[in-house]
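J.: Return atomic coordinates for the entry below.
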Amino acid sequence: MNDISKLRNIGIAAHIDSGKTTLSERILFFTGKIRKTVEVRSKEGDGPTMDSMDLEREKGITIQSAATYCNWKDYNINLIDTPGHIDFTVEVERSLRVLDGAILVLCGVAGVQSQSTTVDRQMRRYNVPRIAFINKLDRSGANADRVVTQLEEKLAHKPILLTMPIGLEDNLSGLVDLIEMKAVYYRGEQGTDVVIENIPEHLIDEANNRRMQIVERLADFDDIIAEKYLAEEEVSTELMKKTIRRLTIGLYITPVFCGTAKKNFGIQTLLDGVLDYLPNPTECTNYGLDLNNNEEKIELKIDDKKPVVALAFKLEDGRYGQLSYMRIYQGMIKKGDFIVNMANKKKVKVNRLVRMHADEMHDIEEARAGDIVATFGLECSSGDTFTDGNVYINMTSMFIPNLVIELAVSPKTRDSESNFSKALNRFSKEDPTFKVARDQESGETIIKGMGELHLEVYIERMKREYNCEVIVGKPKVAYREAITQQAEFNYTHKKQSGGSGQFARVAGFIAPIPPDSPEPVVFKSVIVGGVIAKEYIPACEKGFRTQLNEGFLIGQPIVNIMIELNDGQMHPVDSSELAFNLASRQAIRDTVQKSKPVILEPIMKLEISCPDEFQGNVIGQVNQRRGIILDTQNNNGFITINAEVPLREMFGYSSDIRGVTQGKGEFTMEFLKYVQTPKSIQEEIIKEYTELKQQNKK
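T.: Residues are numbered from 1 along each chain as shown. Next up, the predicted model:
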C-alpha cells in the first residue's frame, strides 16, 4: 500500500471484561477478514480469532496481545488487541509504545474502572490519541451519559459524544449519528446491513441539544467554530469533522462512540470514526536517540528513502523459530536485506517478512515506514532497535512496572531440566516483566512477575509447550529494604600478603531519599584535590551499588538511598579498582546497620465489584487483611469498593471473595507503592527469613 495517509495503526485497550476481544472479533467480521464470529467463552471448543492460545480460550481472557490487519473503505488498519488483566499490563505497554492511535473500550454499565485508569495512563505516557467506545449498552443498567461523565471526572478527558443510543438495554435499536444528524440501524442477521434513516420524531430535540453540546466543546478549542457559535450560525459537517480530527490528534478531546459488540451494533460507525479521527503515521511525531551524538533526540521521518529505523517491540516463539514483531519508523525493509541490531551491533539478514493475522502469517516482499510487520530468525530481545547500519539510532525504551511477586520453581524430573531452562530463557526474553534469578542461599531458581495469575500462566505454559512439570514453592512477596536516617562511613581496606598489597580508603555518608525519586539509588562524588583518582570513582560506585542489591534484614535490595563520597585516600602502588570496589562494599555493610534499616512492602490498589447485599462481608474481609477502604460507589445494585491493601495479605483472596459473595464478586489488583511495614509485621518477616535460612543450611 503506497498511500500512507490511508494506513491506521491502532490498538484496543480496556479494563478486563469490557469486551475488547469481542470488539476485535466484530471488526474482523465486518471488514471481511473472518467469516463467522465466535464468543470469548464459546462452547464450540474454538475461541475468538485473536485469542489463539489454548490457555486464553480456556480462561476466557486475553494473555498476549495479538496483531492483525484488515481493510475498511479502501483504508488499511493494523490492529492490536491487548489484554485487560493487570498481570499482563506489559503487553498493553509495548503495544501502545508503537501505535499511532487507540480505542479505549468502556463498559456501558461499569463505566470507568481501575484498569481503565491504568490503560489511560499508559496512553498518556506515549501520547497516543484515542477514541472511546461505550460497549454493552444492551445490558441492564447501561447508561452512556454516566460513562461520559466518568471519563471527564475520573480520567480528566474532554469527551464529546458523537453517537447517541436509540433506546437502552433490551430496547436498544440503533444510534443517532450526531455529526451527520441521521439515525443509523444495523439490520440483517448479524447487523451487516447499515440502514440510514431520518432521526425519529421524539428524539429530534434531544439530538439537536447534543449536537449543540459538541459545538460548544469544539468552540473552547477552535476560533472559527467559536465565532460561528457566538453568531448562532450553522457549523457544517465538514468543518466539524476536520476540527474533531485535529483536536483528537492533538490530545485535546476524546470522541465517544456507542454500541454493543456482542449484538453487532455500532461497529461500522466506530470503524468510520477510526478513519475520520485517528492519525495516520505521518501525523505522529516519533523520535529516536542519536547514539553518535550523546543520545540527542532526533525526529524520524516517514520516508522510504531514509535509512531504516525499526523497533522489535514483541517476541514470540513460533513454529518456525523466534517471531519478532516490528514497527518501522523510517525507511523500508525488503526480504533479503541486512539490518543491524543497535543493542549488540550484529548484522542480521531478513529472511522472511510477514503480516500477522492473530496466529496466521501472510508473506510479504517489503515493508515501509509506518508499517507493523513480523520477521523470523532475528536474534534480539524485546525493545531492541534495528537500523540499516548507516545510522546509529536507538528508540527510547518502554516503561517496565515493578515486579511484586516471587516463586521458587524447579523441574519435577532431572530429564526435564534442559526444557526447564529453555522455557525460562525464552519467557524472560519475550516478557520484560518476567525475571529469573538464583537464590544464593538456597540455590533455588526464583521467578518474579506481576501477580499470581502472571506466574501461573507461565508455569502452565512450561507444562504444555515444553512438556515440563514444575514443582512450585509458596508465593513470596518482593520486599525492599530502606534506611531511615543519615549515617557516615570512613572505611580503610588494607591487605598485605607478599608482593603488591591492596589499599583504599573511602569516606562520606548515606542518607534516605523520598520514595518517589526517579532513581532508587543515587550516587554522588564530591571528591576534590585528587584524594581518589578519577579512574577509581566508577569502581567505588560499582561497589556501593553491588552491596545495596542485598540488604541486611532479609537480603532484599536497599532502595530510596543516596550515597555521597566526599573523601578518601589511595596508595601509589597498592591501590587498584578492586581495592576501591571492596572498600566501598564493606563501607556500606558497616554503615547501613547504623542508619536504622526498615522493610518496605508492596501496597496494591484493589478494586472489588459485587452485589450490594455482600458489601458488609467484603469490607470486613478487606479490613482483616490490613486494607484501607478509600471509597465505595453504588451503581444499580452493584457496589464498587476501592481500597489499598498490602500484597502480603492478598494470597488466596480470590477463593475468599468467591466464598463471601456466592461467586458473584470480582476484583482487580495492581501495584501502587512501597511503604514501611508496621513493626510487628517487620519482626514476623525477619523471623520467617531467618527460619528459612536455617532450613537451607541444613
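
J.: And the helices in the stretch 151-300 of the chain, which stretches?
T.: 204-219, 223-230, 237-249, 267-277 (DSSP state H, counting those that start in this stretch).

J.: Please identify the deepest-packed of those helices.
T.: helix 267-277 (a mean of 21; mean count of other Cβ atoms under 10 Å). (Glycine included, C-beta is placed from N, CA and C.)

J.: Quick one: mean pLDDT for it?
T.: For helix 267-277, mean pLDDT is 94.

J.: Of all the helices of the stretch 151-300 of the chain, which one comes closest to I302?
T.: Nearest to I302 among those is helix 237-249 (14.7 Å), distances taken as Cβ to Cβ.

J.: what sits up against the closest one?
T.: 129-131, 160, 162, 179-180, 214-215, 218, 221-222, 224-225, 253-255, 276-279, 283-284 (Cβ atoms under 8 Å, 6 or more residues apart in numbering).

J.: quick revisit: turn the helices of the stretch 151-300 of the chain into CSV, including distance to R8.
T.: Shown next, in CSV, are those (distance: least, Cβ to Cβ, whole Å):
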stretch, distance to R8
helix 204-219, 23
helix 223-230, 25
helix 237-249, 12
helix 267-277, 6
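
J.: The residue lying closest to E206 once chain neighbours are set aside: neighbouring residues, count only.
T.: Nearest residue to E206, sequence neighbours excluded (Cβ to Cβ, 6 or more residues apart in numbering): M164, at 7.2 Å. Neighbours of M164 under the rule other Cβ atoms under 10 Å: 20.

J.: Quick check, pLDDT for M164.
T.: 92.

J.: Without its sequence neighbours, what residue ends up closest to E649?
T.: That would be R625: by Cβ to Cβ, 6+ apart, it lies 3.7 Å from E649.

J.: Now do the same for the one you found: its pLDDT.
T.: So R625 comes in at 92 (pLDDT).

J.: Got the phi and psi for it?
T.: Reported as degrees, to the nearest 10, the phi and psi values for R625 are phi -90, psi 30.

J.: can you offset everything so residue one is 45?
T.: Happy to do that; since the first residue is 45 now, the last one works out to R669.

J.: and it, how far is that from L283?
T.: Applying Cβ to Cβ, to the nearest Å, the value for R669 to L283 is 55 Å.

J.: before we move on, what about N252?
T.: From N252 to L283 the distance is 18 Å (Cβ to Cβ).

J.: What is the neighbour count of the residue lying closest to P325 once chain neighbours are set aside?
T.: Nearest residue to P325 in three dimensions, chain neighbours excluded: G414, at 3.2 Å (Cβ to Cβ, 6+ apart). Using other Cβ under 10 Å, G414 is surrounded by 26 other residues.

J.: And the one 4 residues further on, by the same measure?
T.: The burial count assigned to A418 is 23, neighbours taken as other Cβ under 10 Å.

J.: can you tell me which residues contact it?
T.: Per Cβ under 8 Å, 6+ apart, neighbours of A418: 111, 367-370, 397-400, 405.

J.: just these now: which is nearest E532?
T.: S368 (50.5 Å).

J.: and the lengthiest helix in the chain, how far out from the chain's middle?
T.: In the chain, with assignment by DSSP state H, the single longest helix is helix 723-741. Distance of helix 723-741 from the chain centroid (Cα atoms, centre = their mean, to the nearest Å) equals 34 Å.

J.: Stretch 356-374 now?
T.: Remark: stretch 356-374 is offset 18 Å from the chain centroid, using Cα atoms, centre = their mean.

J.: list the buried ones in it?
T.: Across stretch 356-374, burial judged by 16 or more other Cβ atoms under 10 Å covers 356-359, 366-374.

J.: element containing V662?
T.: helix 659-668 (DSSP states H and E).

J.: Could you identify the helix or strand that succeeds that helix?
T.: Downstream of helix 659-668, the first helix or strand assigned by DSSP H and E is strand 672-679.

J.: And that next one, what's buried?
T.: Per 16+ other Cβ under 10 Å, strand 672-679 contains these buried residues: I673.

J.: What of stretch 208-217?
T.: In stretch 208-217, counting by 16+ other Cβ under 10 Å, buried: 208-210, 212, 216.

J.: How about stretch 212-232?
T.: So for stretch 212-232, counting by 16+ other Cβ under 10 Å, buried means 212, 216, 218-224, 227-230.

J.: Show me what the residue nearest to E250 is bridged to.
T.: V220 (DSSP bridges).

J.: which strand in the chain runs the most residues?
T.: strand 641-655 (DSSP state E).

J.: Can you list the strands that that strand pairs with?
T.: Here, using DSSP bridges, strand 641-655 pairs with strand 524-527 (antiparallel), strand 682-690 (antiparallel), strand 710-720 (antiparallel).

J.: Can you say which of those strands is nearest to M386?
T.: Of these, nearest to M386 by Cβ to Cβ is strand 710-720, at 30.4 Å.

J.: which residues sit against the closest one?
T.: 59-61, 129-130, 133, 157-159, 162, 445-446, 448, 494-495, 524, 526, 559, 603, 642-654, 688-689, 691, 694, 697-698, 701.

J.: Going through those, which ones are buried?
T.: Applying 16+ other Cβ under 10 Å to the contacts of strand 710-720 flags 59-61, 129-130, 133, 157-159, 162, 448, 494-495, 524, 526, 603, 642-654, 688-689, 691, 694, 697, 701 as buried.

J.: Mind listing what's buried along stretch 508-528?
T.: By 16+ other Cβ under 10 Å, the buried positions in stretch 508-528 come out as 509-510, 512, 514, 519-527.

J.: ok, F471 - contacts?
T.: Contacts of F471 (Cβ under 8 Å, 6+ apart): 478, 502, 505.

J.: Which of the three states applies to it?
T.: Using DSSP: H, G, I helix; E, B strand; the rest coil, the structure places F471 in helix.

J.: how close does it sit to T734?
T.: 32 Å.

J.: Please apply the same query to N179.
T.: Counting by Cβ to Cβ, the gap from N179 to T734 is 52 Å.

J.: out of the two, which sits in the more crowded spot?
T.: Comparing N179 with T734 by neighbour count (other Cβ under 10 Å), the higher total belongs to N179, at 29 against 12.

J.: Might one say that the more buried one is in contact with G63?
T.: Yes - contact criterion Cβ atoms under 8 Å: N179 and G63 qualify, at 4.3 Å.

J.: Mutual contacts of these two, please.
T.: 149, 151, 305.

J.: Okay, buried residues for stretch 331-339 please.
T.: 332-333, 335.

J.: quick revisit: from the contacts of F471, which single one is nearest T440?
T.: For those, the nearest to T440 is F478 (21.7 Å; Cβ to Cβ).

J.: quick one: which helix or strand includes L72?
T.: Taking DSSP H and E as the definition, L72 sits inside helix 64-74.
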